[in-house]
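In: Following is a predicted model, sequence given first.
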Amino acid sequence: MGKSLVRQTQERTRPQFEQIDAFAAVVEHGGISAAARALDRNPSVISRRLDALEARLGVRLLSRTTRRITLTEAGAVYLTRVRTILSELSAADSEAAEGAAAPRGLLRLSLPSTYARRWIAPRLPEFVAAYPEVQLELLHTDRFVDLVAEGFDAAVRIGDLSDSSLIVRRLAPVETILCASPDYVARRGEPSRPADLEEHECLRFPMDGFRQGWKLRNGDEHVTQRVSGSIVSDEGEGLVAACVAGAGILPASDWEIGQELAAARLIRVLPDWRFDVDSAVHVVLPPGRLIPAKTRVFVDWLARDFAPTPPWLRCSP
């Protein structure tokens, strides 16, 4: 009787995976001897597997001297791809052993700083109570991290991710609207059309589209309105605080000021107009088909919090 297809596949691919495993271990541990100890193999075995891998691919992956081993450009690209494969294999083993109904382990998340403080951190006790065997490690940063290279399981990102190569789940649209404090409007009056903004103090970000010409839309009508003001800042929370204190008119994402609008510390001005940008809150995952249970339950938990409307639109005074 002939060998089964599974058995044939195992025999054909086992040497390839052993070579890949050796390559990844050498990079991770910084040398052949250290990799051999980690894999419980003789250094000569690891060296042969590296040679076989490079011969099979027809490209040099590592530059080796007596003192150090470094990745070549081709090696760096290859490592990124095989790390995804090895990660999926590890996750598959974990899921099979643990069962999808029992998510557990360390979940590393990258979160936008201000957004996370307002809309994720206060809700984390609920997630931890529901999934006590999941440990959270949170990096609060507005930088778009490299999920694969930096070892993150997921990230929350705000913006237009239409060209992303990652797995993207869109949670909610984001609108950038104009607001001011009731005190400011009482002192300076309320603009009735975009051109009136030229007579007002406008709080601005030091970036294109926010500093001098504000691109606004009202249905199919689009205008670029020149603005000016005494305060320019790259810190969103600071500008919201200044706006609440009566410093001027601010363009802000609805999630940034949902609590302030609900408490009437801010009011919308030019309510029919909003910034002409497309933005949304997304959760993104590393490329690959297999999503570990710990990641899946977190994404589903986030999505439930956005249904049927995002939390900043449900604020009460």
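Out: Here it is on my side, so go on. Residues are numbered from 1 along each chain as shown.

In: count of residues packed around the nearest residue to residue 179 once chain neighbours are set aside?
Out: Closest residue to residue 179 apart from its sequence neighbours, by CB to CB, 6 or more residues apart in numbering: residue 266 at 4.5 Å. For every residue, glycine as well, the C-beta is placed using N, CA and C. By other CB atoms under 10 Å, 25 other residues sit near residue 266.

In: before we move on, what about residue 149?
Out: Using other CB under 10 Å: residue 149 sits among 12 other residues.

In: My read is that it contacts residue 80, right?
Out: Yes - Residue 149 is within contact range of residue 80, at 6.8 Å (criterion: CB atoms under 8 Å).

In: Report the secondary structure state of the closest residue in space to residue 293 that isn't next to it in sequence.
Out: Distance criterion CB to CB, 6+ apart; nearest residue to residue 293, sequence neighbours excluded, is residue 103 at 3.9 Å. At residue 103 the chain is in coil, as set by DSSP: H, G, I helix; E, B strand; the rest coil.

In: hang on, the earlier thing: contacts only, for the residue nearest to residue 179.
Out: By CB atoms under 8 Å, 6 or more residues apart in numbering, residue 266 lies in contact with 179, 180, 181, 240, 243, 244, 257, 260.

In: let's see 6 Å
Out: 179, 181, 257, 260 (CB atoms under 6 Å, 6 or more residues apart in numbering).

In: what's the pLDDT at it?
Out: Residue 266 carries a pLDDT value of 97.

In: Please apply the same query to residue 316.
Out: Predicted confidence (pLDDT) at residue 316: the value is 65.

In: Likewise for residue 18?
Out: For residue 18, the model assigns a pLDDT of 85.

In: Please report the distance of the closest residue to it other than its chain neighbours from residue 310.
Out: For residue 18, ignoring the flanking residues on the chain, the nearest one in space by CB to CB, 6+ apart is residue 49 at 5.8 Å. Plainly put, residue 49 is 51 Å away from residue 310 if you go by CB to CB, to the nearest Å.

In: So which of those two has more stuff around it?
Out: The neighbour count for residue 49 versus residue 310, taken as other CB under 10 Å, is higher for residue 49 (24 against 18).

In: list the contacts for the more buried one?
Out: 18, 19, 22.

In: is it true that it lies in a strand?
Out: No - judged by three-state DSSP, residue 49 forms no part of a strand; its state is helix.

In: domains in this structure, as residue ranges please.
Out: The record's domain parsing of the chain by automatic domain parsing lists 5-97, 99-160+279-311, 176-275.

In: okay, those domains in CSV with distance to residue 166 next?
Out: Putting the domains of the chain into CSV (distance: least, CB to CB, whole Å) gives the following:
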stretch, distance to residue 166
domain 5-97, 11
domain 99-160+279-311, 4
domain 176-275, 21
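
In: hang on, residue 252 is in a strand, isn't it?
Out: Yes - residue state for residue 252 (three-state DSSP) corresponds to a strand.

In: So it versus residue 18, what's the distance?
Out: According to CB to CB, residue 252 and residue 18 sit 55 Å apart.

In: higher neighbour count, these two?
Out: Higher neighbour count among residue 252 and residue 18: residue 252, with 23 against 17, using other CB under 10 Å.

In: in the protein, which spans are strands?
Out: 62-64, 69-71, 105-111, 134-140, 154-159, 167-174, 176-180, 213-218, 221-226, 250-253, 267-268, 274-275, 279-285 (DSSP state E).

In: Now distance to residue 193 too, for those, in TSV please.
Out: Converted to TSV, those look like this (distance: least, CB to CB, whole Å):
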stretch	distance to residue 193
strand 62-64	64
strand 69-71	58
strand 105-111	38
strand 134-140	39
strand 154-159	29
strand 167-174	25
strand 176-180	12
strand 213-218	10
strand 221-226	9
strand 250-253	16
strand 267-268	15
strand 274-275	14
strand 279-285	24
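
In: Return the member of those having the minimum mean pLDDT.
Out: Among the strands of the chain, strand 62-64 carries the lowest mean pLDDT, a mean of 83.

In: Can you tell me the strand partners of that one and which way each runs?
Out: Its sheet considered, strand 62-64 pairs with strand 69-71 (antiparallel) by DSSP bridges.

In: Counting neighbours, which bits of the partner strand end up buried?
Out: 69, 71 (16 or more other CB atoms under 10 Å).

In: okay but residue 154 is in contact with residue 285, surely?
Out: Yes - contact criterion CB atoms under 6 Å: residue 154 and residue 285 qualify, at 5.3 Å.
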